[in-house]
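Chemist: kindly return the folded structure for what I paste below:
(one chain, ligands or ions: 1)
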Amino acid sequence: MPVISIIGVGYVGLVYGAAFADLGNTVYGVDIDVPKIEQLQRGIVPIYEPGLDELVKRNREAGRLRFTTDYAEAVPQSEFVFICVGTPSTFDGDADMRAVRAAAETIGRYLCGHTIVVNKSTMPIGSGDLVTQLIEQTKPPDATFSVVSNPEFLREGSAVHDVFHPSRIVLGADDRSAAERVAELYRVLNAPVLITDRRSAEMIKYASNAILATRISFINEIAQICDQLGADVKVVAQGMGFDPRIGPHFLEAGIGFGGSCFPKDVRALAYMAEEAGCHPQLLHTVLEINLDQRRRFVRTLQDVLGDLQGRPVALWGLSFKQDTDDIRESPAIDVLRMLLQRGAQVKAYDPVAIPRAAAVVPQAQYVGDPYAAVEGTDALLVATPWNEFKQADLARVKSLMRTPVLLDGRNLYEPTEMRALGFVYRGVGRGI
Ligand code: NAD
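Modeler: Residues are numbered from 1 along each chain as shown. Next up is the predicted model:
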């Protein structure tokens, strides 16, 4: 079985490393984050991802999954080296390629024999060429390599499921035989494989995230109109979704998308487009609507409560979506900041994201129980669609609050039921 190096063991790299090990490969997880690697070497998984603890444990114990900070220990003996480092937004919206550059240069230094380097991080169009050049500059003269673009489509919160059940495997390469060898690694998963040129593969990732983000902003615009005209966006989306040309997915109105992918990838695509002389108006609008949603949410609270100065308010949800502790670009965190800035006294609860939130917004009060969070408050804002919020005892919530105002930023509840319970209820696009 092949030996694989995974460079960067974050949300993508760690799940992939563990999954490839589970498929029988020998995997080295390499990261420059020393505390993270020390934790992983002791069997501690540093992120919350359902099923990941078990997957890592099983493969560590079987000796198929090892962690190191030392490229020299992993790269020379690897047939495949996957680049899974972060590519966050720069200040002006471009993808920050510093980690990719550093990884490529270091990989180059340790290449031995023939190696296939796989770009799994989301990288701007043309990055396959860049990674090739950087490796060329540092590699030993007798080492050879091919670079294959293999963008990733997993979703945080269901990443373990997604890696074993991918919708498709996209492989972009100049060297078709290298792409075919990468395809072999995935063969047991029985997913459709598309082999194409590198630039098209890189674009498939950006275009896929952009259309998903566009659907969310589209339905959010429809939600705004529904609010004004007295229609219910949830029913509207349901009615639209039956049409096979439209489909039901990504038509959930709310306070918008967040996370480490959609916002940054739409920004990066818009940036690339502008640099190339295009005018990406749709992409800009998708981002603008998305930010509007969280501002409108807080404005709705002000419409109901008036001045927020000194008002006790509960916030349920901090992660950018359910089943993850990731708070990167989380709409909930923006809402939290806006509430604090307007002088509200916020008690925030999330099943897993409190430690990460407290590290970036220390001024809020965090409580470890959803009911304790609402006690004595004038409003409850629901910002993340965790199942535990859907199943909460809302009658109990109401009895604990000082004023029963419920702002449902994820349309988890039925307006009529909430009003029957005695709440002043506002959803997103539910016809006020
Ligand atoms: P992450 O920030 O969780 O992990 C990146 C890891 O890379 C970190 O542990 C960091 O320490 C490490 N790193 C940075 N520089 C390094 C270097 N020079 N050598 C070794 N390790 C280094 O990021 P992520 O969420 O896993 O995303 C990784 C890439 O995958 C990004 O390009 C992202 O857009 C893409 N992606 C992410 C998701 C997702 O849901 N998170 C889904 C699809 C694609």
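
Chemist: from G230, how far off is the residue of the stretch 301-432 of the chain found nearest the ligand?
Modeler: The nearest approach of the stretch 301-432 of the chain to the ligand comes at D326, 7.1 Å away (Cβ to the nearest ligand atom). To be clear about C-beta, it is placed using only N, CA and C from the backbone, and glycine gets the same treatment. D326 sits 36 Å away from G230, going by Cβ to Cβ, to the nearest Å.

Chemist: and these two? Which one has more around it.
Modeler: When neighbours are counted by other Cβ atoms under 10 Å, D326 and G230 differ, and D326 comes out ahead with 24 against 9.

Chemist: enumerate every residue touching that one.
Modeler: D326 is in contact with 11, 47, 156, 259-260, 319-320, 353, 356, counting by Cβ atoms under 8 Å, 6 or more residues apart in numbering.

Chemist: and it, which of the three is it?
Modeler: Secondary structure, DSSP: H, G, I helix; E, B strand; the rest coil: D326 is coil.

Chemist: now it: closest residue in space that isn't a chain neighbour?
Modeler: E156 (5.5 Å; Cβ to Cβ, 6 or more residues apart in numbering).

Chemist: same check on L212?
Modeler: That would be F250: by Cβ to Cβ, 6+ apart, it lies 5.2 Å from L212.

Chemist: how about the contacts of D326 in TSV, adding pLDDT and neighbour count?
Modeler: Shown next, in TSV, are the contacts of D326 (pLDDT from 0 to 100; neighbours: other Cβ atoms under 10 Å):
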residue	pLDDT	neighbour count
Y11	95	25
I47	94	19
E156	94	25
G259	96	22
S260	93	23
S319	98	29
F320	97	28
A353	98	25
R356	97	20
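
Chemist: take the residues you listed and keep only those in helices.
Modeler: Secondary structure from DSSP state H places 11, 356 of those in helices.

Chemist: and the residue in the chain positioned nearest to the ligand, how many neighbours?
Modeler: As assessed by Cβ to the nearest ligand atom, the ligand sits closest to G10 within the chain, at 1.7 Å. Residues lying near G10 (other Cβ under 10 Å) number 19.

Chemist: for the residue nearest to it when sequence neighbours are not counted, give me the pLDDT.
Modeler: Excluding its sequence neighbours, the residue lying closest to G10 (Cβ to Cβ, 6+ apart) is G86, at 6.3 Å. Looking at G86, its pLDDT is 98.

Chemist: and G86, backbone torsions?
Modeler: Main-chain dihedrals, G86, degrees, to the nearest 10: phi -70, psi 150.

Chemist: measure it to M123 for me?
Modeler: For G86, the distance to M123 equals 11 Å [Cβ to Cβ].

Chemist: the two: who's more crowded?
Modeler: Using other Cβ under 10 Å, the more surrounded residue of G86 and M123 is M123, with 24 against 19.

Chemist: give the contact list for that one.
Modeler: M123 is in contact with 87, 95, 97, 100, 130-131, 149, 202, counting by Cβ under 8 Å, 6+ apart.

Chemist: how about 6 Å then?
Modeler: With contacts defined as Cβ atoms under 6 Å, 6 or more residues apart in numbering, M123 is in contact with T87.

Chemist: which SSE is it in?
Modeler: Of the helices and strands defined by DSSP states H and E, none includes M123.

Chemist: check V147 too.
Modeler: Residue-wise, V147 maps onto strand 144-149 under DSSP H and E.

Chemist: check which residues of that strand are buried.
Modeler: Judged by neighbour count using 16 or more other Cβ atoms under 10 Å, the buried positions of strand 144-149 are 145-149.

Chemist: those residues: which two are farthest apart?
Modeler: Farthest apart among those by Cβ to Cβ are F145 and S149. That separation is 13.9 Å.

Chemist: alpha carbons only: can I get stretch 421-432 in PDB?
Modeler: C-alpha atoms of stretch 421-432 as PDB (Å, rounded to 0.1, in the frame of the first residue of the first chain):
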ATOM      1  CA  LEU A 421     -46.700  29.900  23.200                       C
ATOM      2  CA  GLY A 422     -46.800  33.600  23.800                       C
ATOM      3  CA  PHE A 423     -43.500  34.600  22.100                       C
ATOM      4  CA  VAL A 424     -43.100  37.800  20.100                       C
ATOM      5  CA  TYR A 425     -41.600  35.800  17.200                       C
ATOM      6  CA  ARG A 426     -39.500  36.900  14.200                       C
ATOM      7  CA  GLY A 427     -38.100  34.500  11.700                       C
ATOM      8  CA  VAL A 428     -36.300  35.400   8.400                       C
ATOM      9  CA  GLY A 429     -38.800  35.900   5.600                       C
ATOM     10  CA  ARG A 430     -41.700  34.300   7.400                       C
ATOM     11  CA  GLY A 431     -44.100  37.200   6.500                       C
ATOM     12  CA  ILE A 432     -43.400  39.200   9.800                       C
END
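
Chemist: pLDDT on it, on average?
Modeler: 94.

Chemist: for the stretch 151-300 of the chain, what spans make up the strands?
Modeler: 169-172, 193-196 (DSSP state E, counting those that start in this stretch).

Chemist: most tightly packed of the ones you listed?
Modeler: Among those, ranked by average contacts under mean count of other Cβ atoms under 10 Å, first place goes to strand 169-172 (a mean of 23).

Chemist: near the ligand, which residues of the stretch 101-250 of the chain?
Modeler: Within the stretch 101-250 of the chain, the positions adjacent to the ligand are 102-103, 121-122, 152, 154, 156 by Cβ under 6 Å from any ligand atom.

Chemist: swap in 8 Å and give it another go.
Modeler: Selection of the stretch 101-250 of the chain residues close to the ligand by Cβ under 8 Å from any ligand atom yields 102-103, 106, 120-123, 151-156, 159, 205.

Chemist: drop anything exposed from those residues.
Modeler: For those, buried by 16+ other Cβ under 10 Å: 103, 106, 120-123, 151-154, 156, 159, 205.

Chemist: and which of the residues you listed is nearest F423?
Modeler: E156 (31.0 Å).

Chemist: which residue ranges of the stretch 101-250 of the chain form helices?
Modeler: Taking DSSP state H, counting those that start in this stretch, the helices of the stretch 101-250 of the chain run over residues 127-138, 159-164, 176-186, 198-229, 233-241.

Chemist: could I get those helices in a markdown table, plus columns for distance to I6 and mean pLDDT?
Modeler: A markdown table is the format used below for those (distance: least, Cβ to Cβ, whole Å; pLDDT from 0 to 100):
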| stretch | distance to I6 | mean pLDDT |
| --- | --- | --- |
| helix 127-138 | 16 | 98 |
| helix 159-164 | 12 | 98 |
| helix 176-186 | 12 | 97 |
| helix 198-229 | 18 | 98 |
| helix 233-241 | 37 | 98 |
